[in-house]
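**Student:** all I have is the shape, not the residue letters:
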């Protein structure tokens, strides 16, 4: 069975500061990993994904994440936070070849302060 | 022009009632999903249809019945609503079966009193 752990249900950063949202996964088979973002009263939107190949993946809005197999991690970063980044972020995992049956983490609420 | 649209957006009803949520996607995708997000924002897949065929059916009470009249629509019918059914239900679609790239609707918030 797969699982995702997101450390910190709430993260607060200053505008212009580094954003770091942590995600660790558990999977018995090679995983596909994802970050989704949910703005208030909206559905989830894919930020980025890792399937195979390069372990550092870049996504929309300046976000990137690095797959570290040895640490079973897929942390999300952005060098400089913007007010518009305030949202809920979800890490998710699926089996390679397992279809789109995503297992989500419990989410991290990102707050960006002036 | 909304890609994945759900109706209604809000639904308040009494225990024991039957209700439906409709979902339509205009992306031309073959696969559609229903996810449930509980009060703690935990998201869990309920069902998935590929070309109108049920391919994922998680451990969901029989009171929940999905119906896909065509590739562009996936409806969710819930019988005998219970308090624990209160949640936000998200419809999603994907072009490929195995990319993990889902396009979500805005959600339907169901409140059971």
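**Tutor:** Nice, thanks for sending it over. Source: prediction; values computed, not measured. Numbering: from 1, shown residues only, chains lettered A, B, ... in the order given.
**Student:** can you give me the buried ones in stretch B:9-16?
**Tutor:** Residues of stretch B:9-16 classed as buried: B:11, B:13 (neighbour count, 16 or more other CB atoms under 10 Å in any protein chain shown). (Glycine included, C-beta is placed from N, CA and C.)
**Student:** just how off-centre is it within its chain?
**Tutor:** Using CA atoms, centre = their mean, to the nearest Å, the mean C-alpha position of stretch B:9-16 is found 15 Å from that of the whole chain.
**Student:** I'd like the mean pLDDT over that stretch, please.
**Tutor:** Stretch B:9-16 shows a mean pLDDT of 96 in the predicted model.
**Student:** got a list of what the closest residue to residue A:62 other than its chain neighbours touches?
**Tutor:** Sequence neighbours aside, residue A:78 is the residue nearest to residue A:62 in space, at 5.3 Å (criterion: CB to CB, 6 or more residues apart in numbering or on different chains). By CB atoms under 8 Å, 6 or more residues apart in numbering or on different chains, the contact list for residue A:78 reads A:18-19, A:61-64, A:85.
**Student:** so what's the backbone phi/psi at residue 51?
**Tutor:** Defaulting to chain A. The phi/psi pair for residue A:51 (degrees, to the nearest 10) reads phi -120, psi -70.
**Student:** that was the other one, I meant chain B.
**Tutor:** phi 50, psi 50.
**Student:** and the pLDDT at it?
**Tutor:** 85.
**Student:** excluding its backbone neighbours, what's nearest it?
**Tutor:** Here the residue nearest residue B:51, using CB to CB, 6+ apart, is residue B:30, at 5.3 Å.
**Student:** count the neighbours of the one you found for me.
**Tutor:** Using other CB atoms under 10 Å in any protein chain shown, residue B:30 has 17 other residues around it.
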